[in-house]
Each structure stands twice: as structure tokens, then as C-alpha cells.
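J.: quick check, what structure comes out for this input:
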Amino acid sequence: MKRRNALIGMGGLVAGAGALVGTGAFDTVEAQRDVTVETAGDADAFLGLEPARSALGLGGEDFVDAPEDGVIEIQIDDPDTDEGGAGLNRRAITTFDHLVLITNQGTQDVDEITLEFTESPVDADTTFSFPVADTDGTDITSDGEVVEHDGAVNILTGDAAPGSLTPGEGVVFGLRIDLVDGGNDENDLPDDGEYALTITAEAADD
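T.: Numbers count the residues shown, from 1 in each chain. Next up, the predicted model:
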């Protein structure tokens, strides 16, 4: 086996030594290299995610949990309040402003941030929308929604909201839940429904 391999290799060198050595025209190369990647909690990552009200000193209920692993969760499901409340109104539109602060903690401008429910037991497009505010808590969108963009909602519209985030800049989003036109057949949210919100940020082209 070794001798046969050697003969094939020598034949290739004799037939095309110049091509093999001079142009670098290889077909495939497979090499393993070590990769070091460091992760951080949401508040310290390149795309910073924090509970907005506490981060900006706005007061009021956060509805956003930042557990020990640092991965935030929007939680609007706490059963019962001290005053007797136990959930959202059916057949109503409820808005939670200033839930999450998104901060560009990288080195490039971010020109697109899209929010999309990638898991939902109800039609997310008719049930959920995202009011946007500046980092001082000032509402940017007056109608509680931002424009559609490629099947998701881009909260950097360049219209009312900022068109991009330079390093260090941030934007705040909330959640509007429409149980008039959305929700299930009873204009409600199903018990124990699971929801996943995907946040995608794209850096500006250099």
C-alpha cells in the first residue's frame, strides 16, 4: 500500500510540478484548529439585553427576569397579584412599555434589529407587536407598533425610531398583546402556552 501511494505521488509531480507548486490550486483542504469563544450574560454581551425599567431608573414593574445565568426572560404570567389580579383581560389590547433595553456593546454600527416570535401557540403576527422607546424612556412610536420587515419586525426603522445604533447606543422595546383581533378562537391566550422571541441584530456593512 505504501509503495503504491508513493508511485502515484511521484507521477503527479512529474506530470504537473509547476501547477502543483506554483498556483496553489488545491481541491480540498481539511484542517482542525482550536477556537476560543467566550460567552457572557445578556447584560454584558456584544448585544446587551437588560430589563429596561431598572436599567434606566424608570420605576414600575419590570416583567423581565434576569436569572443567575444572565439570560433574560419576559414574564407576564405571575399568578395573582396582591390586589387580586390574575392575568390579562380577554378581548382587550394590553401594552407593556419599556420591557427590554437593547444596547450595542460591540465595535460596529447595528443597522437592523428584528424581533420575531419563532414559537407561539397563537398567530404571532396578529397577536403581538412592539412599541419602541428611546433610552430616556420617551415613546418613539405613537401607535404601539413598528413596520414589518421580511416577516419580522425591525425596530430600527429609520423613520420614527433610530435608523441605526452606534457602539454604546441603545433602544427600548415593549410588548403589545392584542386579544381583540389576535389570540385563539376565544380571544384568549392558551394556558401553559410556550413562546420564544428571537432577537436578530445585523451590523452595518463596512
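J.: distance of Ala196 relative to Phe46?
T.: The gap separating Ala196 from Phe46 is 21 Å, by Cβ to Cβ, to the nearest Å. Backbone N, C-alpha and C define where each C-beta goes, glycine included.
J.: pretty sure Asn104 contacts Leu156?
T.: No: if you go by Cβ atoms under 8 Å, Asn104 and Leu156 don't touch, sitting 10.3 Å apart.
J.: overlap in contacts, those two.
T.: Val110, Leu165 (Cβ atoms under 8 Å, 6 or more residues apart in numbering).
J.: and Thr94, which of the three is it?
T.: Following DSSP: H, G, I helix; E, B strand; the rest coil, the label given to Thr94 is strand.
J.: need phi/psi at the spatially most central residue of the chain.
T.: Closest residue to the average C-alpha location of the chain: Ile199 at 1.2 Å, with Cα atoms, centre = their mean. When read as degrees, to the nearest 10, the backbone of Ile199 gives phi -110, psi 120.
J.: nearest residue to it other than its sequence neighbours?
T.: Leu115 (5.9 Å; Cβ to Cβ, 6 or more residues apart in numbering).
J.: report all helices and strands that whichever strand or helix holds the one you found contacts.
T.: Assessed by DSSP states H and E, Leu115 sits inside strand 110-119. With contacts defined as 3 or more Cβ pairs under 8 Å, 6 or more residues apart in numbering; DSSP states H and E, strand 110-119 has these neighbours: strand 152-154, strand 196-203.
J.: tell me the buried residues in that strand?
T.: Across strand 110-119, burial judged by 16 or more other Cβ atoms under 10 Å covers Val110, Asp111, Glu112, Ile113, Thr114, Leu115, Glu116, Phe117.
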